[in-house]
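[1] Curious how this folds, go ahead:
(2 chains)
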Amino acid sequence: MYIIFGLLAGVILGLVLKVNIPDQFSSYVSVAILACIDSVFGAVRGNLYKNFQADIFISGFFGNAILAAALAYLGDKLGVPIYLAAVLVFGGRIFDNFANIRRKLIENYKNSKSKDVI
Amino acid sequence: MVKNDAKYFILIGSIVIGTLVSSNIDTSNTRNFKILNAFQYKEAMNDSYSLKKEIGNLSEKYSKYKLQLDKYNDDDTSHSEVLKDIQKELDFNNMILGTTEVTGPGIEITLKDATEEYLQSNDIFNLIHDQDMIQVINDIKNSGAEAIQINGIRLIDRTEIYCNGVFLRINGLKIAAPFKISVIGNKGAMKKYLLSADNYLAYLQVRDIFVSIEDNDNIKIPAYQRSVDSSYLKKASN
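    Below is the predicted model:
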């Protein structure tokens, strides 16, 4: 709910501000976006498991994004597709986190249902 | 409290992601449509066709020059070989320009005034005039000629053909009938084209002027004798 609302607000903000990222940075930003999505999924998961820590989220959110973009840039300069590493790691973790979130949510739902029945 | 914190951060995080995504997606990349009428459409099609053709020609040239450049950059190619290539190109350019003697297969056209008929009828149409020669040369050029001479005078793009009394003036030189025109090119194609009913040689034949076309596998055409000046020409910079 929060995510969808935030995304919508962000998209509108981006469209209103019309921040144009030059084409050559587009691929780096894409990797950075992936890192951010990973962080948000991590936060949701942490929220569900009740072990969310704001400082870790913030540092991960920006740190991962910057590192991913920097790696992608370095890879571009070296001619080695290092961004693939970021894509694989973050992609894998997003699915991992999503699986955990899913399990937890379904579990919670089932628990609440069984409590109702009892 | 911790839970509220997380939601707050998640909200901010997703706002940032949304902003990044929307700014990274190029929204200006919408297709622009324009409705054209038939004439504009035709123009646009012609434009696109000529541009495509140009692109094709340029890429062909590019690959040719690239191949050449690769050859030059190749360590095996010696200095003299490069020079040889340059000389070859120079020779080729001279050949097209007309400043060197050239040989090749082609046809020989002979044109003779109908002198006897002229003496009887006094009809100037029995004689070959500069206009006739210009028309014939025009037809010859259109038939795919690669090099042309008239009575041993090489024709290039600067060649003029004028009436000069009983003579024709070509490249500043006076020549008299009979005119022997030698042309290097595709023998069959040129002959067929020149002898077709709607071309000028047929019209000359109607005027009783003697016209003959003969094949020759070894035509020799001399170089253009005058100097090719270029006092005003400048290479246009692109």
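
[2] Restricting to C-alpha, output the lowest-mean-pLDDT helix or strand in chain A in CSV.
    Sorting the helices and strands of chain A by mean pLDDT, DSSP states H and E puts helix A:2-17 at the bottom, at a mean of 76. Taking Å, rounded to 0.1, in the frame of the first residue of the first chain, the C-alpha atoms of helix A:2-17 are listed here in CSV:
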residue,chain,number,x,y,z
TYR,A,2,2.7,2.4,1.0
ILE,A,3,4.9,1.2,-1.8
ILE,A,4,2.2,1.8,-4.4
PHE,A,5,1.3,5.2,-3.1
GLY,A,6,5.0,6.1,-2.9
LEU,A,7,5.7,4.9,-6.4
LEU,A,8,2.8,6.9,-7.8
ALA,A,9,3.8,10.0,-5.9
GLY,A,10,7.4,9.5,-7.2
VAL,A,11,6.3,9.0,-10.8
ILE,A,12,4.2,12.2,-10.6
LEU,A,13,7.0,14.1,-9.0
GLY,A,14,9.4,12.9,-11.7
LEU,A,15,7.0,13.9,-14.5
VAL,A,16,6.3,17.3,-12.9
LEU,A,17,10.0,18.0,-12.3
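
[3] List the buried residues in that helix.
    A:2-3, A:6-7, A:9-11, A:13-14 (16 or more other Cβ atoms under 10 Å in any protein chain shown). For every residue, glycine as well, the C-beta is placed using N, CA and C.

[4] Residue B:108 belongs to a helix?
    No. Counting by DSSP: H, G, I helix; E, B strand; the rest coil, residue B:108 is not part of a helix but strand.

[5] Residue B:172 against residue B:224, yeah?
    No. Residue B:172 lies out of contact with residue B:224 (Cβ atoms under 8 Å); the separation is 11.3 Å.

[6] so which of the buried residues of helix A:2-17 also contact chain B?
    The subset of the buried residues of helix A:2-17 within reach of chain B, by Cβ under 8 Å from any Cβ of the partner chain, is A:2-3, A:6-7, A:9-11, A:13-14.

[7] interface residues of chain A facing chain B?
    Taking Cβ under 8 Å from any Cβ as the contact definition, chain A meets chain B at A:2-15, A:17-21, A:26, A:29-30, A:32-33, A:36-37, A:39-40, A:43-44, A:46-47, A:50, A:52, A:54, A:57-58, A:61.

[8] The same query, at a cut-off of 7 Å, please.
    Contacts of chain A with chain B, taken as Cβ under 7 Å from any Cβ of the partner chain, map to A:2-3, A:5-11, A:13-15, A:19-21, A:26, A:29-30, A:32-33, A:36-37, A:39-40, A:43-44, A:46-47, A:52, A:54, A:57, A:61.

[9] Please name the nearest non-neighbouring residue to the residue of chain B found nearest chain A.
    Nearest to chain A, among the residues of chain B, is residue B:18, at 2.0 Å (Cβ to the nearest Cβ). For residue B:18, ignoring the flanking residues on the chain, the nearest one in space by Cβ to Cβ, 6 or more residues apart in numbering or on different chains is residue A:10 at 2.0 Å.

[10] Now for the spatially closest residue to residue B:210 that is not a sequence neighbour, how many residues are close by?
    Nearest non-adjacent residue to residue B:210, counting by Cβ to Cβ, 6+ apart: residue B:112, 3.8 Å away. Counted with other Cβ atoms under 10 Å in any protein chain shown, the neighbours of residue B:112 add up to 14.

[11] Report the distance from stretch A:73-91 to the chain centre.
    17 Å (Cα atoms, centre = their mean, to the nearest Å).

[12] Strands of chain B, residue ranges please.
    B:102-112, B:147-150, B:153-155, B:161-164, B:167-170, B:173-175, B:179-184, B:210-221 (DSSP state E).

[13] Next, format these as CSV and append mean pLDDT and distance to residue A:81.
    Formatted as CSV, those follow (pLDDT from 0 to 100; distance: least, Cβ to Cβ, whole Å):
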stretch, mean pLDDT, distance to residue A:81
strand B:102-112, 93, 57
strand B:147-150, 93, 57
strand B:153-155, 92, 62
strand B:161-164, 89, 68
strand B:167-170, 90, 69
strand B:173-175, 89, 71
strand B:179-184, 94, 58
strand B:210-221, 92, 61
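
[14] Mind putting those strands into a markdown table with distance to residue B:41?
    As requested, the strands of chain B are arranged in a markdown table below (distance: least, Cβ to Cβ, whole Å):
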| stretch | distance to residue B:41 |
| --- | --- |
| strand B:102-112 | 44 |
| strand B:147-150 | 41 |
| strand B:153-155 | 42 |
| strand B:161-164 | 43 |
| strand B:167-170 | 47 |
| strand B:173-175 | 52 |
| strand B:179-184 | 42 |
| strand B:210-221 | 45 |
